[in-house]
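Enquirer: Need a 3D model of the following:
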Amino acid sequence: MARVVLNSRHLKSAAHAKILLYGPDEGHSFICRGTADHMFRRAQQHQDSRRGAAIVETAIVMPVFMMVIWGVVEFSRATMVGQIVTSAARKGARAAALDGATNATVTQEVRDFVVQALKGVQPNDINVVITITPGPNNANPNNQLSAARSRDICQVTVSIPYEKVAYLTPRFLKNANLRGVCAMNRE
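Expert: Okay, here's the model as predicted:
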């Protein structure tokens, strides 16, 4: 014959306690310390005190947890915008490498790309710098695409202040610029 000792940790409700107290069948007997109602009340008091502790723990941990989550979101946004700005520089360098390109058309193409990719950004927030390094035996084009010749290196640098694309007012990246650079040979 099995003997089971019950205390308040084993009980889920008073009905559960009575089932265990009388046993599921005739082959078991139970030794109980106190009545089922007494043991249920002790279990309920223990649960109530744990509920208060859980609320305090949540109140302490939740702000820290939310700050970590928001930091992950903000840095993910910075990474995404950085990729878009790099793609815009690549697109601008590709356009600058073609015959007939001008500084104004490349700048406009880059700004249109970024504005379309990042809703809410104004074209004037995007800084585009075109630098041309003359190829061997070529005259200096003074950073003008219309004067560039074959084998000149056309470099396009695109930057945007992070505060223009952040979800919240940034504290850690307040003065940061997200920048993309790409260079291609003029055809």
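Enquirer: do you know how far the closest residue in space to residue 152 that isn't next to it in sequence is from residue 141?
Expert: Spatial nearest neighbour of residue 152, excluding adjacent residues (CB to CB, 6 or more residues apart in numbering): residue 186 at 4.4 Å. Just so you know, the C-beta spots here come from the backbone N, C-alpha and C atoms, and that holds for glycine as well. The spacing between residue 186 and residue 141, counted by CB to CB, to the nearest Å, is 9 Å.
Enquirer: So these two - more neighbours on which side?
Expert: residue 186 (21 against 17; other CB atoms under 10 Å).
Enquirer: Let me know the pLDDT of the more buried one.
Expert: pLDDT for residue 186: 90.
Enquirer: Hmm, it is touching residue 153, no?
Expert: Yes. Counting by CB atoms under 8 Å, residue 186 does reach residue 153; the two are 7.4 Å apart.
Enquirer: between the two, what contacts are shared?
Expert: Jointly contacting residue 186 and residue 153 under the rule CB atoms under 8 Å, 6 or more residues apart in numbering are 132, 135.
Enquirer: next structured bit after the helix or strand hosting residue 60?
Expert: When elements are assigned from DSSP states H and E, residue 60 belongs to helix 36-96. Per DSSP H and E, the first helix or strand lying C-terminal to helix 36-96 is helix 103-117.
Enquirer: list the helices and strands that next one packs on?
Expert: With contacts taken as 3 or more CB pairs under 8 Å, 6 or more residues apart in numbering; DSSP states H and E, helix 103-117 sits against helix 36-96, strand 127-133, strand 153-161.
Enquirer: List the buried residues of that helix.
Expert: For helix 103-117, the neighbour count (16 or more other CB atoms under 10 Å) marks 103, 105-107, 109-111, 113-115 as buried.
Enquirer: want to throw the residues you listed into a markdown table with distance to residue 87 and pLDDT?
Expert: Below are the buried residues of helix 103-117 laid out as a markdown table (distance: CB to CB, whole Å; pLDDT from 0 to 100):
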| residue | distance to residue 87 | pLDDT |
| --- | --- | --- |
| 103 | 20 | 95 |
| 105 | 18 | 96 |
| 106 | 14 | 96 |
| 107 | 16 | 96 |
| 109 | 12 | 96 |
| 110 | 10 | 97 |
| 111 | 13 | 96 |
| 113 | 7 | 97 |
| 114 | 9 | 96 |
| 115 | 13 | 95 |
